[in-house]
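**Student:** have a look at this prediction, sequence included:
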Amino acid sequence: MNKFDFLILLLPFLTTLIYVLTFFISQSLKRNSYLSNLLYSFVLILVIKIILVFIFKDLIEIKEFIYIFFAYLCMSFVFMNLIQVPISSLQVKILRIIKKNNGLKESKIFNIYNANHIFEERFNTLLKNKTIKKEKLLIRINNKRILLFYYLIKYIKIIHNIKL
């Protein structure tokens with residue numbers, strides 16, 4: 001394996017890292033919606049990648065070309081979905097309520113899915129999954145690994161200025 005093959009192997013990972021960093025920088029500089037910053041960053045890195053491929057087109061075979069773009073698209077898809085998680089779960093819940101009741105008035109949706117209901121439902125899920133536990137009058141975290149996930153979500157919410 002020569003150095004160029006090694007660079008081709010790493011290129012999707014490096015460009016995805018650059019994509020993530022570009023997104024975070026654009027999110028901190030421009031207060032557009034995070035979705036537009038996400039898409040702008042994705043397209044920018046994709047265009048740069050296309051330019052690089054055309055510059056080195058004599059050195060790149062078709063299978064390497066497919067690998068470079070497919071791996072980048074897959075990793076970008078994972079990153080985009082990770083960013084969407086906090087918002088998507090609420091949207092999916094609202095869609096489930098509407099589907100279950102075969103259509104609802106807006107006021108009825110707000111009555112069914114209010115802040116108290118959300119909190120109670122999430123709390124009971126955490127108890128049932130044994131993520132938290134009740135000890136007399138205290139509630140404690142039972143699963144310490146969940147804290148890593150908590151801090152990741154908290155960081156993402158801060159970056160995107162998401163208030164749920």
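**Tutor:** Done, it's in.

**Student:** which SS class is residue 134?
**Tutor:** Classification of residue 134 using DSSP: H, G, I helix; E, B strand; the rest coil returns strand.

**Student:** does it touch residue 128 like I think?
**Tutor:** No - counting by Cβ atoms under 8 Å, no contact exists between residue 134 and residue 128, whose distance comes to 11.9 Å. All C-beta spots, glycine's among them, are computed from the backbone N, C-alpha and C.

**Student:** quick one: stretch 75-86 to chain centroid distance?
**Tutor:** Using Cα atoms, centre = their mean, to the nearest Å, the distance from the centre of stretch 75-86 to the centre of the chain it belongs to is 3 Å.

**Student:** now do stretch 137-154
**Tutor:** Once both centres are worked out by Cα atoms, centre = their mean, stretch 137-154 turns out to sit 19 Å from its chain's centre.

**Student:** pLDDT on it, on average?
**Tutor:** Stretch 137-154 shows a mean pLDDT of 78.

**Student:** end to end on that stretch, go ahead and measure it.
**Tutor:** The separation between the terminal residues of stretch 137-154, taken as Cα to Cα, to the nearest Å, is 26 Å.

**Student:** quick check: buried residues in that stretch?
**Tutor:** Of the residues in stretch 137-154, none are scored as buried under the neighbour-count criterion (16 or more other Cβ atoms under 10 Å).

**Student:** next: stretch 17-37.
**Tutor:** Within stretch 17-37, the residues that qualify as buried by neighbour count (16+ other Cβ under 10 Å) are 19, 20, 22, 23, 26, 27, 34, 37.

**Student:** okay, those in a markdown table with pLDDT and secondary structure next?
**Tutor:** Supplementary listing: the buried residues of stretch 17-37 in a markdown table, determined by pLDDT from 0 to 100; DSSP: H, G, I helix; E, B strand; the rest coil:
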| residue | pLDDT | secondary structure |
| --- | --- | --- |
| 19 | 80 | helix |
| 20 | 80 | helix |
| 22 | 82 | helix |
| 23 | 80 | helix |
| 26 | 81 | helix |
| 27 | 78 | helix |
| 34 | 69 | helix |
| 37 | 78 | helix |
